[in-house]
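Enquirer: coordinates only, sequence not included:
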């Protein structure tokens, strides 16, 4: 004969360590996102916002007089 054993699992008094770990990891992800410039809260938009992409080069100069002959 087998005995009928009933298992009762109560979750009312569980710890909240899982939620604490999840919130900690979420805070790390958000902090890294903000630290590495994924979101600029001051100027709006993304990508760091303060990056200067203006590149100035000298104008091309004409070849010297009497250039090379073929």
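Expert: Nice, I can see it. Model, not experiment: these values are computed from the prediction.
Enquirer: so where do the strands sit in this structure?
Expert: When secondary structure is read from DSSP state E, the chain shows no strands.
Enquirer: where does the prediction get shaky in it?
Expert: Residues of the chain meeting the criterion pLDDT under 70: 1-2, 10-15, 37-52, 66-70.
Enquirer: hmm, 90 instead?
Expert: Across the chain, residues meeting the criterion (pLDDT under 90) sit at 1-21, 29-70.
Enquirer: do a quick rundown of the helices in it.
Expert: Secondary structure of the chain, counting by DSSP state H: helices at 17-35.
Enquirer: can you get me a residue count around residue 31?
Expert: Applying the criterion other CB atoms under 10 Å, we find 10 residues in the vicinity of residue 31. Placement of C-beta: from N, CA and C, glycine included.
Enquirer: just give me the neighbour total for residue 65.
Expert: If you count neighbours by other CB under 10 Å, residue 65 ends up with 5.
Enquirer: go on, residue 7?
Expert: Each residue near residue 7 was counted by other CB under 10 Å, and the total is 4.
Enquirer: and if you look at the one 10 residues further on?
Expert: Applying other CB under 10 Å, we find 8 other residues in the vicinity of residue 17.
Enquirer: what of residue 28?
Expert: 10.
Enquirer: and residue 32, by the same measure?
Expert: 10.
Enquirer: do the same with residue 56
Expert: Residue 56 is flanked by 4 other residues according to other CB under 10 Å.
Enquirer: please apply the same query to residue 16.
Expert: Using other CB under 10 Å: residue 16 sits among 9 other residues.
Enquirer: I'd like the numbering to begin with 23 instead of 1 from here.
Expert: Understood, numbering begins at 23; the last thing we discussed is residue 38.
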